[in-house]
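K.L.:
task: produce atomic coordinates for the following.
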Amino acid sequence: MLEARELTKRYGSHTALNKLNLCIGAGEIFALLGQNGAGKTTTINLFLGFIEPSGGAAFIKGISVAEHAQEIKKYLAYIPETVMLYPNLTGLENLAYFSSLAGFDYSAGELRRFLSTSGLQAQAFDQRLGGYSKGMRQKVGIAIAVAKEAKVLLLDEPTSGLDPKASNEFSQIMQALSAKGTAILMATHDIFRAKEVATRIGIMKEGVLQAVIKADDISANELESFYLRTV
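P.N.:
Now for the predicted structure:
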């Protein structure tokens, strides 16, 4: 579903991402760990087509992102650290608007089911987004991804600023999407959440993918120790 082949991004003499090779299959959750500046967000931005690679290529479902930037968008959903939605619209109205942009025309009942599936409380559906917490905004973002029937979900620091309950709810939703075949790439600083939710975990340093670990093969404490030794 996602593939990077020798994917590289340079800014002048600085190499933000250096010859990344990565494949993420349907139903897989891949967590990228690393310090600020390690290349995590650059990787996501290259898959989104927000920036152009300096070398190599990124692919979504075998389609080149750089050559077919508009086509790949129908397969993608993106949830940044701060979800950008319209604060003067309700959660339901935001979902209706963004799903319509993707070419879908859902009934109010269908939209409410998407919001419910994402974990948003029913009493919040008709409240303006300006009064939502970060976790609630993220749930609307997830509902949009589900409504768009996204095959690939890209997440940048999704649990940053969430309380433990909201983080746990987030993990459960990611695992439910994974079970339905969604491929998920998640950039995060949260070692323990990565261990809990991911299928595989990659550790980046200075633009280089240093190691890839199967989450089932390592404990949270072992992962933390390995991460600290690597970065």
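
K.L.:
following the top helix by length along the chain, which helix or strand comes up?
P.N.:
If you go by DSSP state H, the chain has its longest helix at helix 164-179. Next helix or strand after helix 164-179 toward the C-terminus (DSSP states H and E): strand 183-188.

K.L.:
for that following strand, enumerate the helices and strands it packs against.
P.N.:
Counting contacts by 3 or more C-beta pairs under 8 Å, 6 or more residues apart in numbering; DSSP states H and E, strand 183-188 is packed against strand 14-24, strand 29-33, helix 40-48, strand 152-156, helix 164-179, helix 191-197. The C-beta positions use only the backbone N, C-alpha and C, and glycine is treated the same way.

K.L.:
for residue 110, which of those is the nearest?
P.N.:
Counting by C-beta to C-beta, residue 110 lies closest to helix 164-179 out of those; the figure is 17.6 Å.

K.L.:
who does the residue nearest the centre of the chain form a beta bridge with?
P.N.:
Using C-alpha atoms, centre = their mean, the residue of the chain that lies closest to the mean C-alpha position is residue 155, 1.9 Å off. Counting by DSSP bridges, residue 155 forms beta bridges with residue 79, residue 186.

K.L.:
these two touch, right, it and residue 79?
P.N.:
Yes: using C-beta atoms under 8 Å, residue 155 makes contact with residue 79 at a distance of 5.0 Å.

K.L.:
residue 216: how many residues sit nearby?
P.N.:
9 (other C-beta atoms under 10 Å).

K.L.:
got the buried residues for the longest helix of the chain?
P.N.:
166-167, 169-171, 173-174, 177-178 (16 or more other C-beta atoms under 10 Å).

K.L.:
got it, and stretch 148-161?
P.N.:
Per 16+ other C-beta under 10 Å, stretch 148-161 contains these buried residues: 148, 150-159.

K.L.:
what do you get for stretch 20-28?
P.N.:
Neighbour-count burial for stretch 20-28 [16+ other C-beta under 10 Å]: 20, 22, 24, 28.

K.L.:
contacting residues around the last one?
P.N.:
When you say that, I think you mean residue 28. Contact analysis of residue 28 by C-beta atoms under 8 Å, 6 or more residues apart in numbering lists 1, 178, 183-184, 199-200.

K.L.:
okay, the angle between the lowest-mean-pLDDT helix or strand in the chain and strand 183-188?
P.N.:
When each helix and strand of the chain is scored by mean pLDDT, DSSP states H and E, helix 164-179 comes last, with a mean of 86. Angle of helix 164-179 versus strand 183-188, following axes from the mean of the first three to the mean of the last three C-alpha atoms, to 10 degrees, is 150 degrees.

K.L.:
so which elements touch helix 164-179?
P.N.:
Using 3+ C-beta pairs under 8 Å, 6+ apart: helix 164-179 touches strand 29-33, helix 134-147, strand 183-188, helix 191-197.

K.L.:
thinking again about what came up before, and the contacts of residue 28, which is closest to residue 113?
P.N.:
After measuring the contacts of residue 28 against residue 113 - C-beta to C-beta - the closest member comes out as residue 178, at 19.7 Å.
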